[in-house]
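In: Sequence isn't available, so here's the structure alone:
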């Protein structure tokens, strides 16, 4: 019996692909394809110049073979520099990984570990960056004048390798020492900034199966649909601000049951009819409207409908200068309350922090700062810091300026003095805005997130954090985020049983709650071993495409852990396989590191160690 010969050789493999290619395609398919063709031409010219051979392409990905490690690295540097200089629109960025190793020659294609590791290095690489293996580093050391950062041993899927970054820019240097700790703090801060609906966050649950939520209350129920922005995208903050302000203001009235912003977004994105809103949510009143901005001129159209009587109670058009936006919002709220025969409460804005801003421009800047915080990337956190510093200069006595700067510091703290500075800022925000829930939440996060830097006894810090969580909840009882915040901080200080009722209330108020609320609820159920209640939540998070990949990964990991604990290792392995099939490349961390970060509200180190070891034993790395 003859064995077919396999041709093997040692080659240098260059792998690259476009960062966030699918997102570019969704936004502008024709423009993205046109740009990619231009970049492909540049790349092929670079290959030709440095002696590379293109042997595989896959839409936005390219692989080339070189006979010299030096030539491959020079090619990568030239290409990234050219990409940076070219003014191609829409602009695309690339990651590059380079490895030297044994490959199999299959016709004109190359296969084997040498190619696989190059692909993994490319996944590990930063946008506009170059990551190389130890073998490449050994080949080029002393031959090229480069700034290189040693990343240590890395493992992606089944490939384990020693990696190095070629630093084309000082900003590309990764902070390796504090990566694990900051993962917890960063994920907590990013998630909790959404706690009280302060941001114009839009839920991603547009594909969820509609549920019937019967409102068991004698109070009239009202739904504020997201106001439509009829002008340029940079004015989206006006429409979002009006929507959030109406929800916040109306929520202060105990005579009304106001549907959450998540329900509002869900109904809007699924284009529910009036009959469906009435049937599914037993909501009698619906507010809808639109906003149009042209320079400083602004027009708002608003309508209040009674779905039971099929009648329009109120319809009005407001024309005004943008600087008068706050006054118009107050007028709008008063008119709606009058139509509903509800007596206006003096100072009813309470939770509405816009009353602290002296100008609409600063308010607009605060929305931009919040959008940067939600992104949670190193670049966006830098932008947050810049915008927060500008607000601190413009309105130093505005508690919201201090809060935004405080969130920036919470992300970036590296030593005791920085923690003290951030904590003092948070305490000052409470002094200036004692009726704002977010000031108490921020302060609580410094207390339990940086307890060792701020207090002699950790127990003292956790006790303070717990008290602040309760205060925050009392300040905003109508929001599901208020209950979730109390739950999260109670979980964060180890009081899981006390946290559970708060999560249940949050879900009851907002069945279409954001994935972070459901993930925190899921974590708490699992640590309490309430698996029967946890499994349906995990399945919902894992199965729905609309949830972010990190939330789905966390859910699959919990399903695997529960299955293993129940003695079904085969099923546990199936969930791990589904997790590994998710596209997690853009998150720039290993799957195991990612799901461990999702336990942000869990204090119990022994549980986290058991969870980690279980998943590792199932093959998650």
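Out: Structure received. Note that the structure is a prediction, hence the values are computed from the model and not measured. Numbers count the residues shown, from 1 in each chain.

In: State the distance from residue 325 to residue 44.
Out: Distance, residue 325 to residue 44, by CB to CB, to the nearest Å: 52 Å. Yep, even glycine has a C-beta here, placed from its N, CA and C like the rest.

In: Quick check: can you list the domain ranges of the chain?
Out: Per the record, the chain has its domains at 7-172, 175-196+355-476, 221-350, 480-621, by automatic domain parsing.

In: Low-confidence stretches in the stretch 451-600 of the chain?
Out: 458, 476-479, 481-482, 510-514, 544-548, 584-589 (pLDDT under 70).

In: in it, which spans are strands?
Out: For the stretch 451-600 of the chain, strands defined by DSSP state E, counting those that start in this stretch do not occur.

In: Do a quick rundown of the helices in it.
Out: All helices of the stretch 451-600 of the chain, identified by DSSP state H, counting those that start in this stretch, fall at 451-454, 458-475, 480-492, 496-509, 515-527, 531-543, 549-565, 569-580, 591-597.

In: Run the angle between the third one and helix 458-475 for me.
Out: With axes from the mean of the first three to the mean of the last three CA atoms, to 10 degrees applied, the angle from helix 480-492 to helix 458-475 works out at 170 degrees.

In: buried ones in helix 480-492?
Out: 480-492 (16 or more other CB atoms under 10 Å).

In: Also the last one?
Out: Within helix 591-597, the residues that qualify as buried by neighbour count (16+ other CB under 10 Å) are 591, 592, 594, 595, 596, 597.

In: just checking, what packs against that helix?
Out: When contacts are defined as 3 or more CB pairs under 8 Å, 6 or more residues apart in numbering; DSSP states H and E, helix 591-597 packs onto helix 179-192, helix 549-565, helix 569-580, helix 605-617.

In: mind putting those helices in CSV, distance to residue 295 and mean neighbour count included?
Out: Listed next are these as CSV, based on distance: least, CB to CB, whole Å; neighbours: other CB atoms under 10 Å:
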stretch, distance to residue 295, mean neighbour count
helix 179-192, 34, 18
helix 549-565, 40, 24
helix 569-580, 50, 17
helix 605-617, 54, 14
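
In: So for residue 136, which of these sits nearest?
Out: Checking the helices and strands packed on helix 591-597 against residue 136 by CB to CB gives helix 179-192 as the closest, at 23.2 Å.

In: follow-up on the earlier one: and the helices and strands packed on helix 591-597: which comes nearest residue 168?
Out: Evaluated with CB to CB, the helices and strands packed on helix 591-597 place helix 179-192 nearest to residue 168, the distance being 20.8 Å.

In: ok, and what's touching the following helix or strand past the closest one?
Out: Next helix or strand after helix 179-192 toward the C-terminus (DSSP states H and E): strand 221-224. Outside strand 221-224, the residues within contact range by CB atoms under 8 Å, 6 or more residues apart in numbering are 215, 243, 246-247, 250, 256-259, 263-264, 267, 277, 281-287, 340.

In: same thing but 6 Å
Out: Strand 221-224 has contacts (CB atoms under 6 Å, 6 or more residues apart in numbering) with 215, 243, 246-247, 256-259, 264, 283-287.

In: Dump the residues you listed to JSON lines, plus pLDDT.
Out: JSON lines is the format used below for the contacts of strand 221-224 (pLDDT from 0 to 100):
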{"residue": "215", "pLDDT": "38"}
{"residue": "243", "pLDDT": "83"}
{"residue": "246", "pLDDT": "81"}
{"residue": "247", "pLDDT": "79"}
{"residue": "256", "pLDDT": "69"}
{"residue": "257", "pLDDT": "75"}
{"residue": "258", "pLDDT": "80"}
{"residue": "259", "pLDDT": "80"}
{"residue": "264", "pLDDT": "83"}
{"residue": "283", "pLDDT": "83"}
{"residue": "284", "pLDDT": "83"}
{"residue": "285", "pLDDT": "88"}
{"residue": "286", "pLDDT": "90"}
{"residue": "287", "pLDDT": "91"}
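
In: Select from the residues you listed every entry located in helices.
Out: Counting by DSSP state H, the contacts of strand 221-224 place 243, 246, 247, 264 in helices.

In: May I have the secondary structure class of residue 92?
Out: Following DSSP: H, G, I helix; E, B strand; the rest coil, we place residue 92 in the coil state.

In: I figured it was touching residue 18, is that so?
Out: Yes: between residue 92 and residue 18 there is a contact under CB atoms under 6 Å: 5.1 Å.

In: Quick check: neighbours shared by the two?
Out: Counting by CB under 6 Å, 6+ apart, nothing touches both residue 92 and residue 18.

In: more crowded one of those two?
Out: Per other CB atoms under 10 Å, whichever of residue 92 and residue 18 has more neighbours is residue 18, with 22 against 19.

In: ok, the closest residue to that one other than its chain neighbours - how many residues close by?
Out: Of all residues not flanking residue 18 in the chain, residue 60 sits nearest, at 4.0 Å (CB to CB, 6 or more residues apart in numbering). By the measure other CB under 10 Å, the count of residues near residue 60 is 21.

In: Same question for the one 4 residues further on.
Out: Residues within reach of residue 64, counting by other CB under 10 Å, total 28.

In: Show me the beta-bridge partners of it.
Out: In this entry, residue 64 is beta-bridged to residue 14, residue 54, by DSSP bridges.

In: would JSON lines of the helices and strands packed on helix 591-597 with distance to residue 148 be doable?
Out: Below are the helices and strands packed on helix 591-597 laid out as JSON lines (distance: least, CB to CB, whole Å):
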{"stretch": "helix 179-192", "distance to residue 148": "18"}
{"stretch": "helix 549-565", "distance to residue 148": "30"}
{"stretch": "helix 569-580", "distance to residue 148": "30"}
{"stretch": "helix 605-617", "distance to residue 148": "30"}
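
In: Helix or strand with the lowest mean pLDDT in this protein?
Out: helix 179-192 (a mean of 41; mean pLDDT, DSSP states H and E).

In: hang on, residue 302 packs against residue 289?
Out: Yes: here residue 302 lies in contact with residue 289, judged by CB under 6 Å, at a distance of 3.8 Å.

In: Buried residues, the top helix by length along the chain. List them.
Out: The longest helix of the chain (DSSP H) is helix 29-50. Judged by neighbour count (16+ other CB under 10 Å), helix 29-50 contains these buried residues: 32, 35, 36, 39, 43, 46, 47, 50.

In: Pick out whichever of those residues sits closest to residue 320.
Out: Each of these was checked against residue 320 using CB to CB; the closest is residue 32, at 39.4 Å.

In: since we're on the residue nearest to the closest one when sequence neighbours are not counted, how many residues are nearby?
Out: Nearest residue to residue 32, sequence neighbours excluded (CB to CB, 6+ apart): residue 24, at 4.3 Å. Residue 24 has 21 neighbours, counted by other CB under 10 Å.

In: Repeat that for residue 504.
Out: Look at residue 504: counted by other CB under 10 Å, it has 15 neighbours.

In: Next one: the nearest residue to it once chain neighbours are set aside from residue 558, what distance?
Out: Distances taken as CB to CB, 6+ apart place residue 521 nearest to residue 504, at 7.8 Å, with adjacent residues excluded. Between residue 521 and residue 558 the computed distance is 11 Å (CB to CB).

In: Kindly report the same for residue 8.
Out: 43 Å.

In: do the same with residue 271
Out: For residue 271, the distance to residue 558 (CB to CB) stands at 32 Å.

In: got it, and residue 244?
Out: Separation of residue 244 from residue 558 (CB to CB) stands at 32 Å.

In: quick one: which of the contacts of strand 221-224 is nearest residue 446?
Out: Among the contacts of strand 221-224, and counting by CB to CB, the member closest to residue 446 is residue 247, at 28.2 Å.
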